[in-house]
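*Asks:* let's see this in three dimensions:
(chains A and B)
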There are 2 protein chains.
Amino acid sequence: MNALLRLQSELGRLVSVDPQDLAASRTDKSGWVADGTPLAVVRATTVGHVQAVLRIATEFRVPVVTRGAGTGLAGGACGTDGSIVLSVAGLGRILEINPDDELAVVEAGVINQHLNDVLAQQNLWFAPDPASKAISTVGGNIATNAGGLLCAKYGVTREAVLGLTVVLADGSLLHTGHRTVKGVTGYDLTALLTGSEGTLGVIVEATVRVRSLTPGTVATIGAVFETVTAAAAASAAVTAARIRPAIMELIDPVALGLVATYLGPEGSAGLPLGRGAFLLVQTDGPAALAEAEAALAVLRAAGGEASLSTDAASGERLLAIRRAMHPALEQFGRVLIEDVAVPRSRMAEMFAAIAEISARTGIAIPTVAHAGDGNLHPNFVIPRGDTADASVPEEIWAAADELFQAALALGGTLTGEHGVGVLKRRWLQGEIGDTSLALQRQLKAVFDPLGILNPGTMFDA
Amino acid sequence: MNALLRLQSELGRLVSVDPQDLAASRTDKSGWVADGTPLAVVRATTVGHVQAVLRIATEFRVPVVTRGAGTGLAGGACGTDGSIVLSVAGLGRILEINPDDELAVVEAGVINQHLNDVLAQQNLWFAPDPASKAISTVGGNIATNAGGLLCAKYGVTREAVLGLTVVLADGSLLHTGHRTVKGVTGYDLTALLTGSEGTLGVIVEATVRVRSLTPGTVATIGAVFETVTAAAAASAAVTAARIRPAIMELIDPVALGLVATYLGPEGSAGLPLGRGAFLLVQTDGPAALAEAEAALAVLRAAGGEASLSTDAASGERLLAIRRAMHPALEQFGRVLIEDVAVPRSRMAEMFAAIAEISARTGIAIPTVAHAGDGNLHPNFVIPRGDTADASVPEEIWAAADELFQAALALGGTLTGEHGVGVLKRRWLQGEIGDTSLALQRQLKAVFDPLGILNPGTMFDA
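*Replies:* Sure thing, here's the model as predicted:
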């Protein structure tokens, strides 16, 4: 009996070999498409299903690619040739919400926004907020240690994970972490598994921290600067002034022009067209207004044309400018979103490096940044139909390579929040070095001695 | 040539075989004393010295016990028979303070309070605050993932560590983490090493997050309750009301009586003697007063005799009551501090379990708790001279065992912030289970194939 027959005999109609399912599983939101054809897509709805898949995969030594909502941006959850694509999107139960202990226990397939909708009924909130939160799963957020707009103030996903239930490569169950805020028994396997991109085990359940919804109103500032360098310096000055905005987003002039055009005259009222950079600052909490006023003074002193609003509608209009970024770019082609991060104080230099690379190569690189934490998303737009397949042209990878080298030279990283996946694998060694890479591969081998867990993601297969 | 001669030839006067040095290295603040005699104490002052020690240890297969200030409470840094005790207390340089990027780079031997004194000059702050902060090292704080009084609001040590430089078992150097707030290239080795208690490598340098000093005044509440159960319920009610105190400490009636006697009539004015439990709540930040007033209402509604003060002197007087706990107990003998943590909502049950164990065994267990995060420190006082050596009487371990089982049954952990060390090793498997234990031992073997890094700490040697 082969692996497919065994899957079908044990899991019946959960196993799909429908060519459309197989094809859809080969890509994610990065646009990358894996070569070949997966063996099957298995739509697990219970932990037992996941265990069965892993047992069969171990027995037949078949690769397993775990997949949530498929919203990844690094090609890390794409069905490779001959692999079992294990969807945990169907593990969708919220098992517990405990307001007294400020925690929730959820299955991996729960959508981030759905969890937040349910939590909001009890005045609670799960802080990790990737841009994909409306459609991405909590399990996927954890598997990639997802970031978002609020991290400088509210932390990355890792800081919101207390414990995990994980199916190991042989199908056995591992429980990590605690229901307590503190706990130091043994190594921090919860953190090791967070961000492990499906290469160490399959996260099926998580105990996550929840917070009380931030009380009070928010205050929002929109500021326009002559140059992106000035805007970056202004955002660094906000942080240096010990103001901690919930959101601080920077849009460079290239991106801003595209967004203004996309939004039309009404949506873009007040935005400069074809010149200048835009900085959005939002504060929250009991001191929101005082913090915003302090930020406003800093931004004006730094040369910004800035205005402050405290009404929700104005705040939403300003945030809509940031949200329009991706759709504005997608008008012109497929978007490859890069994800470098640099120390906040080096952000202006990183923007300058991007501008230089763009000017020299002739490739437009519209860029937006989570300025509070130095995380930049330089974007490459690949005209549709430019290449027969969905691959990224080599000249774009060459420009991306220059971006990565510039970020590393500034003390940064090649991925702040999207993960290594398949697309950044070839640059990993350059950042972490030989010693760390060798150790990490050995750690993977402890969890995955047969090399069946998402091979080709993070490390060369 | 043997290991000692090699150490002496390479490291000269850094190597001590003075019997007093060797004897002092065999114990820590837990009072536990390792059997036998260490081979030598090496006082490293540079990373190169640490590398040399590890290279020699690997060559001769000699165990290495890394030690900072020796303030551990689990026997995890005690010089065992034949081991090299590697002191990193002499790695004392603050290498960088970067206010713009809100980080500092320090060597492992820097004292926590010293770092904070230097940071305060720039209005900055390193949040981890173990009770030992005046005398403990940042490296030791990281190696144990130390907690403290402020964790419920400001996080544990792990959340303040961005990156590490670690000397591996063979003497090579590993760099982990980032200077950026975000970064997801590869596995989170920084978190894996944080709390690893010297069993995976020797932390020699750390890049840590620093914060701006919290602006505004603090507000402090002292509240007395008839019973510890009532006080525990009241503290849970504060959290449930979505108030987030910086400090929330609970002292049970047994401990309170001892503290009141120790402080005398003036220091203990207003404290009940021989009855009642004490709850200390301190809020900070821009909304300190509003939060404290809300907490005051909750505490009074829960039956507390509570009063609020905003002047610094009164706040200090209330905190002095908490700080007097340990010296008050030490009057009566050696103190074994236990360290269980339970979900906040179960804290009243944990106090009830402690009272029951105490009543049944006839052993007094004065207890203090970091009530904001459910972390209890039940104390055992061992009369001096009761035993010829420094070991803990078996009836006390038997009572401690019951405490641990009670904490686990409530969904808790046997150590919230002190670590496993030697003293909790025999209970580790009971908490984390066979699967996790086996995995963790394999992870250790990746870092330490010869088993020379702090053998006997965390796992059976």
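*Asks:* gap between A:Met347 and A:Leu250?
*Replies:* Taking Cβ to Cβ, to the nearest Å as the measure, A:Met347 and A:Leu250 are separated by 8 Å. Placement of C-beta: from N, CA and C, glycine included.
*Asks:* overlap in contacts, those two.
*Replies:* Taking Cβ atoms under 8 Å, 6 or more residues apart in numbering or on different chains as the contact rule, the neighbours common to A:Met347 and A:Leu250 are A:232, A:235, A:369, A:371.
*Asks:* could you find the closest non-adjacent residue to the last one?
*Replies:* So that's A:Ala371. Distances taken as Cβ to Cβ, 6 or more residues apart in numbering or on different chains put A:Ser235 closest to A:Ala371, at 3.8 Å, once the chain neighbours are dropped.
*Asks:* go on, A:Val218?
*Replies:* Leaving aside its sequence neighbours, A:Val218 sits nearest to A:Asp284 (Cβ to Cβ, 6+ apart; 4.7 Å).
*Asks:* does any bit of whichever strand or helix holds A:Leu162 sit next to chain B?
*Replies:* With the criterion set as DSSP states H and E, the secondary-structure element containing A:Leu162 is strand A:161-167. No. Strand A:161-167 lies apart from chain B when judged by Cβ under 8 Å from any Cβ of the partner chain; the minimum separation is 9.7 Å.
*Asks:* now the angle from the very next helix or strand once past that strand to strand A:161-167?
*Replies:* Sequence order places strand A:173-177 as the next helix or strand after strand A:161-167, per DSSP H and E. With axes from the mean of the first three to the mean of the last three Cα atoms, to 10 degrees defining the directions, strand A:173-177 sits at 170 degrees from strand A:161-167.
*Asks:* strand A:173-177 pairs with which strands, and in what direction?
*Replies:* Each strand that strand A:173-177 pairs with, and the sense of that pairing, follows from DSSP bridges: strand A:161-167 (antiparallel).
*Asks:* what's in contact with the strand it pairs with?
*Replies:* Among residues not part of strand A:161-167, those counted as contacts by Cβ under 8 Å, 6+ apart are A:47, A:50-51, A:54, A:103, A:142, A:173-181, A:189-191, A:193-194, A:200-209.
*Asks:* from those, which ones fall inside strands?
*Replies:* The subset of the contacts of strand A:161-167 located in strands under the criterion DSSP state E comprises A:103, A:173-177, A:202-209.
*Asks:* and stretch A:77-95, what's buried?
*Replies:* Judged by neighbour count using 16 or more other Cβ atoms under 10 Å in any protein chain shown, the buried positions of stretch A:77-95 are A:77-80, A:83-91.
*Asks:* no, scratch that, I was asking about stretch A:167-175
*Replies:* For stretch A:167-175, the neighbour count (16+ other Cβ under 10 Å) marks A:167-169, A:171-175 as buried.
*Asks:* just stretch A:123-130 next, same as before
*Replies:* Neighbour counts over stretch A:123-130 (16+ other Cβ under 10 Å) mark A:124-130 as buried.
*Asks:* can you check the distance spanned by that stretch, start to finish?
*Replies:* Distance across stretch A:123-130, first residue to last, is 20 Å (Cα to Cα, to the nearest Å).
*Asks:* tell me how far that stretch lies from the chain's centre.
*Replies:* The gap between the average C-alpha position of stretch A:123-130 and the chain average comes to 15 Å, counting by Cα atoms, centre = their mean, to the nearest Å.
*Asks:* same question, stretch A:258-273
*Replies:* Averaging C-alpha coordinates over stretch A:258-273 and over its chain gives two centres that are 27 Å apart (Cα atoms, centre = their mean).
*Asks:* low-confidence stretches in the stretch 301-450 of chain A?
*Replies:* Applying pLDDT under 70 to the predicted model, the residue ranges of the stretch 301-450 of chain A that meet it are A:386-390.
*Asks:* just the helices in it please.
*Replies:* Counting by DSSP state H, counting those that start in this stretch, the stretch 301-450 of chain A forms helices over residues A:312-323, A:325-330, A:347-361, A:394-409, A:425-447, given from the N-terminal end onward.
*Asks:* report the angle between the third one and helix A:394-409.
*Replies:* Angle, helix A:347-361 to helix A:394-409, by the same axes, to 10 degrees: 150 degrees.
*Asks:* hey, C-alpha coordinates of helix A:347-361 in CSV?
*Replies:* Taking Å, rounded to 0.1, in the frame of the first residue of the first chain, the C-alpha atoms of helix A:347-361 are listed here in CSV:
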residue,chain,number,x,y,z
MET,A,347,15.9,53.8,8.8
ALA,A,348,16.7,56.9,6.9
GLU,A,349,19.9,55.3,5.7
MET,A,350,17.9,52.2,4.6
PHE,A,351,15.5,54.4,2.6
ALA,A,352,18.5,56.1,1.0
ALA,A,353,19.9,52.7,0.0
ILE,A,354,16.6,51.7,-1.5
ALA,A,355,16.5,54.9,-3.5
GLU,A,356,20.0,54.4,-4.7
ILE,A,357,19.4,50.8,-5.8
SER,A,358,16.2,51.9,-7.5
ALA,A,359,17.9,54.7,-9.4
ARG,A,360,20.9,52.6,-10.4
THR,A,361,18.8,49.5,-11.6
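*Asks:* briefly note if that helix comes near chain B.
*Replies:* No. In this structure, helix A:347-361 remains apart from chain B according to Cβ under 8 Å from any Cβ; the gap is never smaller than 10.1 Å.
*Asks:* if we can go back for a sec, if I look at the residue nearest to A:Val218, how far off is chain B?
*Replies:* With the distance defined as Cβ to the nearest Cβ, to the nearest Å, A:Asp284 ends up 12 Å from chain B.
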